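> Quick one, what's the 3D model for this:
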Amino acid sequence: MRTHTVDRLAAFVLGLEGLAVAALVGWQIWALAVGDTGSVQSAVALMVLTAVGAVAVLAFAVATWRGLSWGRSGGVVTQLLILAVALGAVTGAYASPTTGLALAIPGLIALVLLLFAVRAAGRQARGPASE
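Just a heads-up that it's a prediction; the model follows:
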């Protein structure tokens, strides 16, 4: 399957997001090592779930790079979840607009790129006459 530039850009942004989540796992390991956690069991469980999320986002990036539809679908769902977290970060008792923007900007960029990648894949699937 032929991939387009927009697929590659979307995969690149997804890969950066996956690496950011993996870095979060590293930070959680550090916090656990220095004793900056209230509950070791909860910290380990959160670390495992975060690692699973990092692997999933990186898998979506690789699949998108290869032009596979499940990677784009998973990437879109991931971006919608990121945008939901960003909205939560800017509202509520402990609102942090800076954190919300830091999450929302790459989430919106990736979402737009993924939607363009879906459109390009749809045109390619309909045949060469539609490109």
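> what are the ranges of the helices in this structure?
When assigned using DSSP state H, the helices of the chain occupy the ranges 5-33, 40-65, 69-90, 97-126.
> how about CSV for the ones you listed, with mean neighbour count added?
For glycine as for every other residue, the C-beta is placed from the backbone atoms N, C-alpha and C. Below are the helices of the chain laid out as CSV (neighbours: other C-beta atoms under 10 Å):
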stretch, mean neighbour count
helix 5-33, 17
helix 40-65, 17
helix 69-90, 17
helix 97-126, 17
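> now those as a markdown table including mean pLDDT?
Listed next are these as a markdown table, based on pLDDT from 0 to 100:
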| stretch | mean pLDDT |
| --- | --- |
| helix 5-33 | 96 |
| helix 40-65 | 97 |
| helix 69-90 | 96 |
| helix 97-126 | 93 |
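> how far away is Leu49 from Ala56?
Separation of Leu49 from Ala56 (C-beta to C-beta, to the nearest Å) stands at 11 Å.
> cool, and Ala31?
Per C-beta to C-beta, Ala31 is found 22 Å from Ala56.
> for Phe116, same thing?
Phe116 sits 22 Å away from Ala56, going by C-beta to C-beta.
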